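**Q** No letters, just coordinates:
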C-alpha cells in the first residue's frame, strides 16, 4: 500500500487520496490546536458552520478557540462520503461535554472544495447535537489522534 507521504493529496482526488485527506482532517481537528488546523485552509477560506459564516484564517482560529473552550474533551471521527475532482463530502460525529458535565454527540456533514495545491477554500458544515448520557459514549481514546484500531463511524453503527 502507498503511504500518505508518497501520495500527493491534491486534486483530482482518488478514493485513496480522498480517504487520506479525510483522516488528516480528522487528526488535525482532534489535536484541538487552531494554529495547526488553520493551515489546511486557504488564507481567504470561506466557511458556513451551522448558521455562522467564517472568512479567512484569523476568523477560523477565533472560531475554533471559541468552539473548543465550550466543547470539552472533544473527540471526532470523520468518514468519506463522496468525492469528485476537487471536492470531498464527509460525514462525521464527535462527542464532547459542556462545563456542567452534560454530554453530547454531534452529527454532521461537510462539503469541501480545494485549490490546486490541495488546500481547502470552501467548507460547508451542517451539524445537529444530540444529548447523550455519559454511559452512552462511544469514543474513549485518550485526547488527541484517534488510534488506528479504534472503530470508525460505520463500524460503530453511526
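**A** Received it, and whenever you're ready, just let me know what you need. None of the values given here were measured: they were computed from a predicted structure.
**Q** And the strands in the protein?
**A** Using DSSP state E, the strands found in the chain span residues 41-49, 52-55, 72-84, 87-97, 103-114, 120-132.
**Q** Pairing partners for the shortest one, with directions?
**A** Each strand pairing with strand 52-55, determined using DSSP bridges, is listed with its direction: strand 41-49 (antiparallel).
**Q** Repeat that for the third one.
**A** Partners of strand 72-84 in the sheet, by DSSP bridges, are strand 87-97 (antiparallel).
**Q** Centre of the chain to the strand it pairs with, how far?
**A** 5 Å (Cα atoms, centre = their mean, to the nearest Å).
**Q** Next: stretch 36-44.
**A** The answer for stretch 36-44 is 13 Å, by Cα atoms, centre = their mean.
**Q** in that stretch, what's buried?
**A** 37, 38, 40, 41 (16 or more other Cβ atoms under 10 Å). The way it works is simple: take the backbone N, C-alpha and C, and place the C-beta from them, glycine included.
**Q** Could you tell me which residues make contact with residue 113?
**A** 86, 87, 120, 121, 122 (Cβ atoms under 8 Å, 6 or more residues apart in numbering).
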